[in-house]
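S.K.: my questions concern the predicted model and sequence given below.
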Amino acid sequence: MSSTKNTSSQLRVGDNPWVKWLLIGLTLLLTAILLVVPLISIFQQAFMEGAAHYFSSLLEADTLHAIGLTLLVAALTVPINLVFGVMLAWAVTRFEFPGRKLLMTLMDIPFAVSPVVAGLLYLLLYGNNGWIGSWLYDHDIQLMFAWPGIVMVTIFVTCPFVARELIPLMQQQGREDEEAAVILGASGWQLFRRVTLPNIKWALIYGVILTNARAVGEFGAVSVVSGNIRGETNTLPLLVQAQYEDYQAAAAFASASLLALLALLTLLLKAFIEWRLERSMKLESDKEKKTTA
Amino acid sequence: MSILIENISKKFGHFQALSPLSLDINEGEMIGLLGPSGSGKTTLLRIIAGLEGADTGRIQFGDRDVTNLHVRDRRVGFVFQNYALFRHMTVADNVAFGLEVLPRKERPSATEIQKRVQHLLEMVQLEHLASRFPSQLSGGQKQRIALARALATQPEVLLLDEPFGALDAKVRKELRRWLRGLHDELGFTSVFVTHDQEEALELSDRVVVMSNGHIEQIDQPGALYASPNSRFVFDFLGNANVFEGKVANGKWHNQQASIVLPHSVIEQESTEQKDGQLYIRSHEFFVSKEPTAQANLPLRLIAINPIGAEVRLELTPIDWQSNDVWEIDLPHKAFDKNCFEKGQTLYVSPKAAYFFAHDAQQPVLLNWEASKV
């Protein structure tokens, strides 16, 4: 006991105050340079020509259309990937089948591949000269250079998020709960709604938030398949670039500020969910303390 | 409901988890599946429940063939080793689950469900915990809730996987007695899996001893203890010391040690003059400081453990061979009278033993005391 009280001469490994404060200081400085300053400067640039100009540039027809299209893409992508992600996680964690490991590796392709490459692949497949595209052309269906193409590549780019969040959790929870529910007579749907879904709820919400953030912010893949038609196939990130190239810096930053706001909102939501999770756990342990006391 | 198991077998990849085996369980019986890990007992239980499909054979509940019936429709109660309580539901909701997922026309009304849950919680003596969550319960309480949940749908077959495995000794004993009482009161047929021989012997009407995917012996606890029919069962039911002997001049010899053949063996021509192993239970010994006329088995006393009503001595052989340390249980009275000490050389004489000849599967019961009379 006496040796642990004697702290001034016996520091734990890495407890040298010089090292400690140097590391903390450096980290804070880098955070400021890399993260905080650019974020502030977005808003500073956006309001460069005054608040009136800021709002009027947001209310331009092209900008409004880009906002609408971005929301549409997210509104379609998120539910599709939600269902797909749950299905994928379920298949991989609850069944044994040949190619299961391969499927888990394949699932990460959208993370590993550059989004531009993903966009090009879709263009080659579904463009007017592509394998499937020429057939679509004959039937007068246009996917590329139109909003369906944007939705398709966004789904591709964001598809691993939900499954990635669910798989470790579902592996850890095992299948005993589900076996118990089926033995008690639950049907497939009852099992999913009453047992599986509540068990994975928070991880699922977290996956959805990440999917949404990426769907709204995706640039590379979308820029390849959109064709950049203003007022038609421009999403917010594409509009930012287009405005900037047109020397409309203030308008570009105004659009960018919307994306930045959305990012901040995402972070807030994420923090809120983490807080809720912790609180629900704490509440349970508090109750326990009260009853045992 | 009676359970008929016929020629059930199961393979996992190349591993034969169950060789074809058959088992008849009577209505209202309590059956213990006893065996070491990997013996196939849990696989058999899961096949009865329908959680695992058998490769061959069939299963019948009463007159109903359930071999190809889905788990959901078999209507058995199942208690998992780790209870598998739904962590996001209260205790009451857990117990009500089986009733609430019933098809609408069979489902009781909400108030009826509430009444049934209340009754079940009273039965497991935990009605005051109805609004708690599983994470707030102790192991023994979780076990009772898991049981109440399994019994909510009034199954006629209750299956339990290592029901007391994760509990401490005192709670385990209490719960065991309580489960036996509940079984006798409600009259369902139960099958439970355990690796604890004491649990199996105390709780079961009949014990099924399993090893390597087949059944070694099925018997009532008393009969199983009195006449184990194989070396495996003898080993597994515990506390037996093995003496490997070669016969010469009416004695089994093992280097310097020897045991005189009892009269019954000498008189019976059939088992006469055979080499083999003597299995001697730990309490079937007479201990002295000198060799007796009946046996010369020198052992060194290496540990003395007072356990409950008896004193357990651990001894190692002197100048003869045995694979294990020998364990001998003495009543306190006998121990105190002799004042044995650690390091002493002691001589032991068996009062009774089971003899397995080298070429025999079945043992012969030997008795020295009877021959003296």
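M.R.: Cool, got the structure.

S.K.: whatever helix or strand residue A:166 lives in near chain B anywhere?
M.R.: For residue A:166, the host element (DSSP states H and E) is helix A:160-173. No - shown here: helix A:160-173 not in contact with chain B (Cβ under 8 Å from any Cβ of the partner chain), separated by at least 8.9 Å. Bear in mind the C-beta positions are built from the backbone N, C-alpha and C, glycine included.

S.K.: next helix or strand past that helix?
M.R.: Defined by DSSP H and E, the subsequent element after helix A:160-173 is helix A:176-183.

S.K.: so what does that following helix touch, helix or strand wise?
M.R.: helix A:188-191, helix B:71-74, strand B:77-79 (3 or more Cβ pairs under 8 Å, 6 or more residues apart in numbering or on different chains; DSSP states H and E).

S.K.: partners of the last one in the sheet?
M.R.: It stands for strand B:77-79. Sheet partners assigned to strand B:77-79 using DSSP bridges are listed as strand B:157-161 (parallel).

S.K.: quick check: mean pLDDT across the partner strand?
M.R.: For strand B:157-161, mean pLDDT rounds to 95.

S.K.: roughly how far is that strand from the heart of the chain?
M.R.: 15 Å (Cα atoms, centre = their mean, to the nearest Å).

S.K.: what angle separates that strand from helix A:176-183?
M.R.: On the basis of axes from the mean of the first three to the mean of the last three Cα atoms, to 10 degrees, strand B:157-161 is oriented at 170 degrees to helix A:176-183.

S.K.: list the contacts of strand B:157-161.
M.R.: The contact list for strand B:157-161 (Cβ atoms under 8 Å, 6 or more residues apart in numbering or on different chains) reads B:1, B:3, B:42, B:45-46, B:48-49, B:61, B:74-81, B:150-151, B:183, B:188-193.

S.K.: can you say which helix or strand has the nearest residue to residue A:232 once chain neighbours are set aside in it?
M.R.: The shortest distance from residue A:232 to any non-neighbouring residue, by Cβ to Cβ, 6 or more residues apart in numbering or on different chains, is to residue A:65 (7.5 Å). Per DSSP H and E, residue A:65 falls inside helix A:61-94.

S.K.: mind giving me the packing neighbours of that helix?
M.R.: helix A:100-106, helix A:147-158, helix A:160-173, helix A:197-217, helix A:236-245, helix A:249-292.

S.K.: format the ones you listed as CSV; extra columns: mean pLDDT and mean neighbour count.
M.R.: Output for these, formatted as CSV (pLDDT from 0 to 100; neighbours: other Cβ atoms under 10 Å in any protein chain shown):
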stretch, mean pLDDT, mean neighbour count
helix A:100-106, 91, 11
helix A:147-158, 93, 23
helix A:160-173, 90, 19
helix A:197-217, 90, 19
helix A:236-245, 91, 20
helix A:249-292, 76, 15
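
S.K.: of all these, which one comes closest to residue B:325?
M.R.: Minimum separation from residue B:325 across these (Cβ to Cβ) falls at helix A:160-173, 41.6 Å.

S.K.: longest single helix anywhere in chain B?
M.R.: Counting by DSSP state H, the longest helix found in chain B is helix B:169-186.

S.K.: how far off centre is that one?
M.R.: 16 Å.

S.K.: how about that helix: buried residues?
M.R.: B:171, B:172, B:175, B:176, B:178, B:179, B:182, B:183 (16 or more other Cβ atoms under 10 Å in any protein chain shown).

S.K.: please apply the same query to stretch B:65-83.
M.R.: B:66, B:71, B:72, B:74, B:75, B:76, B:77, B:78, B:79, B:80, B:81, B:83.

S.K.: nearest to residue B:339, of the helices and strands packed on helix A:61-94?
M.R.: The nearest among the helices and strands packed on helix A:61-94, by Cβ to Cβ, is helix A:249-292 at 48.3 Å.

S.K.: re earlier: the residue nearest to residue A:232 contacts residue A:231, doesn't it?
M.R.: Yes - using Cβ atoms under 8 Å, residue A:65 is in contact with residue A:231, at 5.1 Å.

S.K.: which one of these two is surrounded by more residues?
M.R.: Taking neighbours as other Cβ atoms under 10 Å in any protein chain shown, residue A:65 and residue A:231 compare with residue A:65 leading, 17 against 14.

S.K.: and the pLDDT at that one?
M.R.: So, for residue A:65, pLDDT stands at 92.

S.K.: what of residue B:291?
M.R.: With respect to pLDDT, residue B:291 scores 87.

S.K.: neighbours of it, just the number please.
M.R.: 15.

S.K.: repeat that for residue B:353.
M.R.: For residue B:353, using other Cβ under 10 Å, the count is 25.
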